[in-house]
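K.L.:
Need coordinates for the following:
(one chain, ligands or ions: 1)
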Amino acid sequence: MRIELQDVEYRYQVNTPFERLAIHDVNLVIEPGTYTALIGHTGSGKSTILQHLNGLLQPTKGKIQVGDRTIEAGKKEKQLRPIRKKVGIVFQFAEHQLFEETVEKDICFGPINFGVPEADAKLLARDALKQVGLGEEILGKSPFDLSGGQMRRVAIAGVLAMEPEVLVLDEPTAGLDPRGRKEIMDMFYQLHQERGISTVLVTHSMEDAARYADEIVIMHKGTVYQKGSPNEVFSQPEQLVELGLDVPDTVRFQLRLQKEMGVRFDKPCLNIEELAMEIKRVMKWGERS
Ligand SMILES: Nc1ncnc2c1ncn2[C@@H]1O[C@H](COP(=O)(O)OP(=O)(O)OP(=O)(O)O)[C@@H](O)[C@H]1O
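P.N.:
Residues are numbered from 1 along each chain as shown. Next comes the predicted model:
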């Protein structure tokens, strides 16, 4: 499903002394089956954008096309339910939203709420649990008896059980240890690859943005500052550094070699393998000259 934001603006608490312009002039297209990473400082507007993708927030200016539906400033869109089903959001610390007595009931809650018969919802719950790497033996347990990492996975399973076409992830691994983080990020990537789920990830991790995304969107002061492939975005690392944003460790290492030893690289290296190859190439060139 294609999503397009056109000249979107959003103000919190309009017509109150606390009115705040959160995003403005946002133009963005999320093509079906793509993986987009949204990065930027705290307060740059990432979460506000995410909440527009499934109609949780309605723009105060501009419009959003989500599949065949349009959400427009000033117009009441009555049919938001289909959008909410198709665009699943995994919020930060998703486990805080668990509330049912059992894991099964929790995962079934969304599908049943959207009219799926209970028996079918239970099948969806089993499938979703498998997708997040958990076994059926926990279905009857209270979600609150699980470990933190398992609770997070159950909450994610609740979103997957709705069979979304677009998955929106707001720092889905916040607070997890490095191993748990990688497992969950790899899981989302696998879902994206195997099921063609469009994925929009908000992250502070440049490593994750570089590793998983086809397109990186950099937000700055409420609007899109830059967008492009990881190669395009990280080929001008100085710009990111100027904004006070991080770059992947491998790119930082290249910058350092460039600055301190005058080494010239052809491209930004987004992982260790690429960096090793590029250093090998540069060293061979050095031997020849
Ligand atoms: N409920 C709210 N009421 C008023 N202002 C808000 C509200 N939520 C966010 N804002 C403001 O809107 C702007 C954008 O915030 P937003 O949360 O979208 O940024 P963000 O990039 O997601 O930040 P973070 O990385 O901290 O999650 C900020 O100036 C923020 O203070």
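
K.L.:
Please make it C-alpha for all contacts and neighbour counts, starting now.
P.N.:
OK.

K.L.:
Contact partners for the residue in the stretch 151-289 of the chain positioned nearest to the ligand?
P.N.:
Here the stretch 151-289 of the chain gets closest to the ligand at one residue, residue 222, 6.5 Å apart by Cα to the nearest ligand atom. Taking Cα atoms under 8 Å, 6 or more residues apart in numbering, we find residue 222 in contact with 21-24, 43-45.

K.L.:
And the pLDDT at it?
P.N.:
Residue 222 is assigned 97 on the pLDDT scale.

K.L.:
any idea how far residue 236 is from it?
P.N.:
To residue 236, residue 222 is 21 Å away according to Cα to Cα, to the nearest Å.

K.L.:
what's the burial count for the residue lying closest to the residue of the stretch 151-289 of the chain closest to the ligand once chain neighbours are set aside?
P.N.:
Among residues not flanking residue 222 along the chain, residue 23 sits closest, at 4.0 Å (Cα to Cα, 6 or more residues apart in numbering). Residue 23 has 26 neighbouring residues, counting by other Cα atoms under 10 Å.

K.L.:
what's the helix or strand for residue 23?
P.N.:
strand 20-30 (DSSP states H and E).

K.L.:
Each with direction, which strands does that strand pair with?
P.N.:
strand 3-12 (antiparallel) (DSSP bridges).

K.L.:
Please list the outside residues in contact with the strand it pairs with.
P.N.:
For strand 3-12, the external contacting residues (Cα under 8 Å, 6+ apart) are 18-32, 48, 53, 58-67.

K.L.:
and if we set it to 7 Å?
P.N.:
Identification of contacts with strand 3-12 by Cα atoms under 7 Å, 6 or more residues apart in numbering yields 19-31, 59-67.

K.L.:
Please indicate which of these are buried?
P.N.:
Those of those that meet the buried threshold are 21-28, 30, 59-66, by 16 or more other Cα atoms under 10 Å.

K.L.:
Also near the ligand: which of those, exactly?
P.N.:
residue 22 (Cα under 6 Å from any ligand atom).

K.L.:
which residues are contacting the helix or strand harbouring residue 125?
P.N.:
Here residue 125 sits within helix 118-131, counting by DSSP H and E. Defining contact as Cα under 7 Å, 6+ apart, one finds that helix 118-131 is touched by 104, 107-108, 111-112, 135-136, 154, 157, 160-161.

K.L.:
What mean pLDDT does it get?
P.N.:
95.

K.L.:
Quick check: buried residues in that helix?
P.N.:
For helix 118-131, a neighbour-count test (16+ other Cα under 10 Å) marks 121-122, 124-129, 131 as buried.

K.L.:
Can you lay out these as TSV showing distance to residue 241?
P.N.:
Below are the buried residues of helix 118-131 laid out as TSV (distance: Cα to Cα, whole Å):
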residue	distance to residue 241
121	47
122	48
124	44
125	44
126	45
127	43
128	40
129	40
131	37
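
K.L.:
circling back to that earlier point, the residue of the stretch 151-289 of the chain closest to the ligand and residue 125: what is the separation?
P.N.:
Separation of residue 222 from residue 125 (Cα to Cα): 37 Å.
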